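**Q** All I have is the shape, not the residue letters:
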Ligand code: 13P
């Protein structure tokens, strides 16, 4: 049985004060130890403050990106060890926005994931097809090649710690969620490929769905056998909405 993992990707939203405000309002909803992993990925500038506020809570800290390099003359970059130093337990790599807007290739994503493992941080590796690719019937081909390329350097003995996120680009920020059945098809395909690559460990790898996840659609998505979590953008910016997503099993109620 895989433990569900619900992660908030705040993207480029929230100053430090706004981030602290969120945490103060969100933590009471997750006070008791639950049977899910909850993760917050604020922008780099808020990692330290959010991390301090989360200390002693069941909520884990994540970064939204990382440099594949250990250190050096890389102006504007942030190294894995710096994230570990702030208490990051996860980091998102290969998000479609980074792939589309900042030139992250599968090869670069693979290096980032390997660098994270080396620093003791679990990568959340994102894959997903565009609308054009889906309409051309190329979804599985695209997912297969992103998966193979992005996971090329994952150490086999650490594979179970990996988190994969299936985020169809056409569902991100559009309000157009993949149906649970459509998402399940993609997740099942990804799990087969993971099994080919990592054997039995594939059954332990969590695969999140991302793309317009909201409090009112999360339960149906999570009911699918290969959907083990959600990576949430817009709806994660509001503490009450994200709390309802975290409590998907009880219809959004925290008690
Ligand atoms: P939305 O939930 O806003 O569609 O964003 C999804 C996403 O990109 C999470 O990484």
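**A** Great, that's in hand. Treat the numbers as computed from the prediction; the structure is a model and nothing was measured.
**Q** Next to the ligand, which bits of the stretch 101-250 of the chain? Give me the list.
**A** Within the stretch 101-250 of the chain, the positions lying close to the ligand (Cβ under 6 Å from any ligand atom) are 167, 172-173, 210-213, 231-235. (Each C-beta comes from the backbone N, C-alpha and C, glycine too.)
**Q** Write a ChimeraX command that selects only the buried members of the residues you listed.
**A** This is how ChimeraX selects the buried members of those, with burial counted by 16 or more other Cβ atoms under 10 Å:
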select :167,172,210,211,212,213,231,232,233,234,235
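**Q** between the residues of the stretch 101-250 of the chain next to the ligand, which is nearest the ligand?
**A** The ligand has its nearest neighbour among those in residue 233, at 2.3 Å by Cβ to the nearest ligand atom.
**Q** before we move on, the earlier item: if we only consider the residues of the stretch 101-250 of the chain next to the ligand, which is nearest to residue 100?
**A** Comparing those against residue 100 with Cβ to Cβ places residue 172 closest, at 10.2 Å.
**Q** Could you find the closest non-adjacent residue to the closest one?
**A** Nearest in space to residue 172, with sequence neighbours left out and distances taken as Cβ to Cβ, 6 or more residues apart in numbering, is residue 211 at 5.0 Å.
**Q** Report the contact partners of residue 73.
**A** Neighbour list for residue 73: empty [criterion: Cβ atoms under 8 Å, 6 or more residues apart in numbering].
**Q** coming back round to it: and the residue nearest to residue 172, what does it touch?
**A** Going by Cβ under 8 Å, 6+ apart, residue 211 touches 128, 167-168, 170-172, 174, 176-178.
**Q** Check residue 184 too.
**A** Shown in contact with residue 184 (Cβ under 8 Å, 6+ apart): 224-227.
**Q** go on, residue 131?
**A** Neighbouring residues of residue 131 by Cβ under 8 Å, 6+ apart: 169-170.
**Q** Try it again at 10 Å.
**A** Contacts for residue 131 (Cβ atoms under 10 Å, 6 or more residues apart in numbering) come out as 168-171, 174, 176.
**Q** hmm, who's touching stretch 98-112?
**A** Outside stretch 98-112, the residues within contact range by Cβ under 10 Å, 6+ apart are 64-69, 80, 91-97, 123, 125-128, 130, 145-154, 169.
**Q** at 7 Å what do you get?
**A** Stretch 98-112 has contacts (Cβ atoms under 7 Å, 6 or more residues apart in numbering) with 65-66, 68, 93-94, 125, 146, 149-153.
**Q** what about burial for those, which qualify?
**A** The neighbour count (16+ other Cβ under 10 Å) marks 65-66, 68, 93-94, 125, 146, 149-151, 153 as buried among the contacts of stretch 98-112.
**Q** Could you give the backbone dihedrals for the residue in the stretch 1-150 of the chain positioned nearest to the ligand?
**A** Here the stretch 1-150 of the chain gets closest to the ligand at one residue, residue 9, 3.7 Å apart by Cβ to the nearest ligand atom. With angles defined as degrees, to the nearest 10, residue 9 sits at phi -110, psi 110.
**Q** what is it paired to in the beta sheet?
**A** Under DSSP bridges, the beta-bridge partners of residue 9 are residue 41.
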